[in-house]
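1. just the structure for this:
(one chain, ligands or ions: 1)
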Amino acid sequence: MTRRWVAGIFAISIGLGAVALYFGAGAYDMGADAPHWEVTRRAIELVRDRSIAAHAKNIDLPELQDEKLVSKGAGQYAAMCVNCHLAPGMADSEIRPGLYPQPPNLSEQRIDPKRAFWVVKHGLKMSGMPAWGIGHDDDTIWSIVAFVTRLPGLSADHYKEMVTNAPPDEEMGNMKMDGDKSSPGKAKDRADEGGSKPVHPH
Ligand code: HEC
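-> Numbering: from 1, shown residues only. This is a model prediction of the structure:
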């Protein structure tokens, strides 16, 4: 019995040593153009799906049919998501083919809203999917989710129309305000800028 234990521990040590040597020597190809083994891909997807399901379980779903919310989300989606997740009538983008894992085409794939909210807010490690909750409040994220649940049914024309009619982004709106004459402080800043012009001759 003791001999078997010793032999077993010896075999495991050899195995772990070989793995450490393989990774330590840099033999593993970290390139995004070298696909995972099938077993690795399945393992990662299982961990991802179990994690999202567990974390999204207790999220309270708001009313997502509100047209104002959907309209706001259309503008957000066009500004932040379309390059990776495409839109109706869009075959592909410049960035998407090179991403690994490849972002799902959200104009064709329906995603459960709670799952979408959690993923959009927190992002996904080692995938390129950003955590939009850093810099965006929950209301904004719900607007995006409301639009994403509507997206698979839209025609290319309807998509364009919704994006065109979307309200201006509040954050971008605030940026525009910086140059607004209605704000005396900002007007003064602009005057200062004007005064400093000769320092930078063209
Ligand atoms: C730089 C590229 C990139 C951008 C920009 C991006 N995503 Fe993603 N997203 C990804 C990738 C890659 C995945 C797939 C991750 C995976 O398969 O594990 C993903 C996954 C998702 C999923 C999960 C799909 C599922 O299977 O459950 C949702 C929902 C999603 N993104 C929504 C969005 C929304 C909404 C935006 C804009 C606010 C956005 N993404 C912006 C790359 C991106």
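2. so the residue nearest to Tyr28 when sequence neighbours are not counted is in which element?
-> The shortest distance from Tyr28 to any non-neighbouring residue, by CB to CB, 6 or more residues apart in numbering, is to Tyr22 (6.8 Å). Bear in mind the C-beta positions are built from the backbone N, C-alpha and C, glycine included. Using DSSP states H and E, Tyr22 maps to helix 2-24.
3. hmm, back to that, what's the burial count for the residue nearest to Tyr28?
-> 11 (other CB atoms under 10 Å).
4. I'd say it and Leu16 touch.
-> No: the pair Tyr22 and Leu16 does not pass the contact test of CB atoms under 8 Å, sitting 10.6 Å apart.
5. contact partners for Pro62?
-> Trp142 (CB atoms under 8 Å, 6 or more residues apart in numbering).
6. quick one: the nearest residue to Leu124 once chain neighbours are set aside from Phe147, how far?
-> With sequence-adjacent residues excluded and distances taken as CB to CB, 6+ apart, Leu124 is closest to Arg48, at 6.6 Å. Remark: distance between Arg48 and Phe147 (CB to CB, to the nearest Å) = 23 Å.
7. more crowded one of these two?
-> Phe147 (27 against 16).
8. once you drop chain neighbours, what's closest to that one?
-> That would be Gly73: by CB to CB, 6+ apart, it lies 3.0 Å from Phe147.
9. am I right that the one you found is in contact with Ala146?
-> Yes: using CB under 8 Å, Gly73 makes contact with Ala146 at a distance of 5.0 Å.
10. what sits against the residue nearest to Phe147?
-> Trp142, Ser143, Ile144, Val145, Ala146, Phe147, Val148, Ala166.
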